[in-house]
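Novice: Next one to model:
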Amino acid sequence: MESPEIHVEELKKDPEFLANIQRLEIECKEEESIAKGYQLLDAQLIIEAPEDDINEIFTFIVNTAFDRLAEKLSTSKSFDMNDAEDLATARAIYEHGIQRYSENDKKGAKEIFLVLNYTIDHADLKDAMMVHAAAVMAGNSFEDFIENLVDVEGVNEHDPLAFFIQTFTQPTDILLTMFAKQVKQAKEELRVLDESKEK
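Specialist: Next comes the predicted model:
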């Protein structure tokens with residue numbers, strides 16, 4: 001099945017499509033909805049909106065996501081991956097972590113992956129985030145991580161969690177055993193969060 005071709009020029013003039021974009025813009029700001037922010041971003045990218053508009057939405061998504069993360073940490077709540085808003089929030093934080101990793105900010109990337117491991121309420125995703133963090137801690141560059149550890153073919157595009165890398169060249173539990181030293185260190189770092197929770 002081939003996806004229908006999107007006629008960008010037609011969409012740019014389509015009053016209904018443009019009205020939808022405007023509605024999304026208002027709703028995502030009023031509701032502070034990251035999920036709608038992503039819908040808006042997708043629509044803006046389709047019609048090749050000006051870079052400033054795209055950057056503005058992206059900044060909104062990232063800033064709102066980190067505000068939510070701070071809230072979750074301070075109230076000891078987790079991200080529920082069945083909730084569209086929580087999923088979009090975790091995705092935004094994850095994408096920021098991947099960007100940090102690709103820019104070789106290993107400390108920033110590791111902290112983001114660890115915080116996601118700590119706050120995501122989904123066993124497989126938690127483990128996948130630990131693999132990310134351990135790979136960073138073991139000194140793998142982003143390129144090494146993608147080339148040697150990630151199974152790009154194994155991605156199920158219909159999985160709502162497909163934005164997160166969860167398919168690896170080895171089963172996750174084997175990778176976690178291979179990275180046992182880093183996992184132990186990571187768990188010690190996470191214990192600090194648990195201790196602050198108990199205070």
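Novice: For this structure, which residues score under the pLDDT cut-off?
Specialist: 1-6, 196-199 (pLDDT under 70).
Novice: All the helices of it, in order from the start?
Specialist: For the chain, the helices defined by DSSP state H cover 8-13, 15-30, 34-46, 51-75, 84-102, 106-119, 123-137, 142-144, 172-178, 180-198.
Novice: Reformat those as a markdown table; add distance to Pro160 and mean neighbour count.
Specialist: C-beta: built from backbone N, CA, C; applies to glycine. Below are the helices of the chain laid out as a markdown table (distance: least, C-beta to C-beta, whole Å; neighbours: other C-beta atoms under 10 Å):
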| stretch | distance to Pro160 | mean neighbour count |
| --- | --- | --- |
| helix 8-13 | 25 | 11 |
| helix 15-30 | 19 | 14 |
| helix 34-46 | 11 | 20 |
| helix 51-75 | 17 | 15 |
| helix 84-102 | 7 | 21 |
| helix 106-119 | 16 | 21 |
| helix 123-137 | 11 | 22 |
| helix 142-144 | 25 | 13 |
| helix 172-178 | 19 | 14 |
| helix 180-198 | 26 | 13 |
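Novice: Can I get those in CSV including distance to Ala162?
Specialist: CSV is the format used below for the helices of the chain (distance: least, C-beta to C-beta, whole Å):
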stretch, distance to Ala162
helix 8-13, 24
helix 15-30, 22
helix 34-46, 13
helix 51-75, 18
helix 84-102, 10
helix 106-119, 16
helix 123-137, 11
helix 142-144, 19
helix 172-178, 16
helix 180-198, 24
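Novice: Out of these, which gets nearest to Val155?
Specialist: Nearest to Val155, of all these, is helix 123-137, at 12.0 Å by C-beta to C-beta.
Novice: what's that closest one packed up against?
Specialist: If you count contacts as 3 or more C-beta pairs under 8 Å, 6 or more residues apart in numbering; DSSP states H and E, helix 123-137 packs onto helix 84-102, helix 106-119, helix 172-178, helix 180-198.
Novice: Right, I'll call it a day here.
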